[in-house]
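> Got a predicted structure plus its sequence, pasted below:
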Amino acid sequence: MLLAHVALVSRTTHLSAAVLARGSAAIAKQVARDFGPIWEINATVDAFPTLRDVPIGYWPVVIMDNINIPGAAGIHLDKNGQPYALVTYSADWVLTASHEVLEMLADPFGNRVIAGASPKKGQGRVEFLVEVCDPSEAAEFGYTINGLLVSDFYTPAYFDPVTSSSVRYSFTGAIKEPRQVLKGGYLSWHDPVSNHWWQERWFGTAKPTFQDLGVFTATRSLREQVDGMTPSPLLAHPSPSKAVKAKLFAADGANTTDEVDEASAARAESLQAEIDAVVATYVK
C-alpha cells in the first residue's frame, strides 16, 4: 500500500507552533486509527512552520486568515496536478482541517465518482462525487480526539443499495442509511442523462432540498467546481453550542479542552521530574 504524506502549515498569526502541532497530532491519530483502516489508506500528517519547510512529495493543507475568494477554500490542484488545500482559520479550524485532510486522502485529485441510485425521484442511476465528510460535516456530528473536534466521515457502505441495521454508514454512526444527508450537510452527483450536476442540501431549511448545478466544464476538477457553487461550511454551519460541545467532549472522557490540557500538563510535570532524576543520577 502506497503511503501518502500530508503537511499542515499555518499562515495565520492565530496559531502558534504548539497549537498547530496539537491539531496535526489529532488529525494524524484520526487518519491512522479511524479513517485509514476503513478506507484502506495509509498516510502521515505532520505540521511544518512554513511552506518552504514542506518536503517534496507532501500534500500541503494551509490554514489562512482569509481565503478572500468565495469557494476558494477546499482542495485544489497545483500546476503540476498535485493536490493542496486551503482552510480558513476559525475557532474550529481543526474540524475544518480534518475535513479537508480526509477528503484529500479519499480522492486526492477531486474526480472520483461512485455509481448509485439517485436520491431524486425519476433520475435513476447517477455518479456520486466522493466527498467523505460533506453529508455529515456539521460540527454537531463530529467527535473529539485529544480534546480537539474532528470531522465525521462516511464509510464505503454509504453507497450501498439497501439499508442494513448491522452496517456502519459513518464513523460516528450519525448517518443511519445509504446516501443520507444530515442537517448542515450535502451530497453531489452527476446525472448522465441530462449531463447536469445536482446536490441534495440541508442548509437552513426544515428539510433537505435539491439544487441543479448545471453542466460542468472540463477546466477544473469536479470537486473544485462543486465547492465553488456550494455555500461555505463556515458560513452555513456555525460553531456548535456549549451544550453540543460538552456532549462531544464527554464522549472523549473530558468536559472541556481545559481538562485535557490539565491532564497533559500533569503528565508532563511527572515525566519531567523523572527525567531530571535520571539525569541527576548520571551527573553524580
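Received the coordinates, thanks.
> list the contacts for residue 49?
9, 10, 17 (CB atoms under 8 Å, 6 or more residues apart in numbering). Heads up, the C-betas are built off the backbone N, CA and C, glycines and all.
> Would you mind checking these for buried ones?
Buried members of these, counted by 16 or more other CB atoms under 10 Å: 9, 10.
> So which of the contacts of residue 49 sit within helices?
Here DSSP state H is the test, and the contacts of residue 49 give residue 17 as lying in helices.
> Relative to residue 37, which of the contacts of residue 49 is nearest.
residue 9 (26.7 Å; CB to CB).
> Tell me if I'm right that that closest one and residue 52 touch.
No: using CB atoms under 8 Å, residue 9 makes no contact with residue 52, being 9.5 Å away.
> rounded to a whole number, what's the mean pLDDT of the strand or helix carrying residue 99?
In the assignment (DSSP states H and E), residue 99 maps to helix 93-106. Taken as a whole, helix 93-106 carries a mean pLDDT of 97.
> same question, stretch 205-212
For stretch 205-212, the per-residue pLDDT averages 96.
> mind checking how far it is from the chain centre?
Mean-position distance between stretch 205-212 and its chain equals 23 Å (CA atoms, centre = their mean, to the nearest Å).
> May I see the buried residues of that stretch?
Across stretch 205-212, burial judged by 16+ other CB under 10 Å covers 208, 211.
> for stretch 217-231, same thing?
For stretch 217-231, by 16+ other CB under 10 Å, it's 220, 221, 222, 223, 224, 225, 226, 227, 229, 230.
> Next, the fifth one: phi, psi?
What that stands for is residue 224. Backbone torsions for residue 224, taken as degrees, to the nearest 10, come to phi -60, psi -40.
> Surely it touches residue 84?
No: Residue 224 is beyond contact range of residue 84, at 11.6 Å (criterion: CB under 8 Å).
> Overlap of the contact sets of those two?
Common contacts of residue 224 and residue 84 (CB under 8 Å, 6+ apart): 75, 76, 77.
> Identify the residues contacting the last one.
Which is residue 77. Neighbouring residues of residue 77 by CB under 8 Å, 6+ apart: 83, 84, 109, 110, 221, 224.
> Tell me which of those residues fall in strands.
83, 84 (DSSP state E).
> Which one of the contacts of residue 77 is nearest to residue 102?
residue 83 (12.7 Å).
> Could you check the pLDDT of the residue lying closest to residue 180 once chain neighbours are set aside?
Nearest non-adjacent residue to residue 180, counting by CB to CB, 6 or more residues apart in numbering: residue 135, 6.6 Å away. With respect to pLDDT, residue 135 scores 97.
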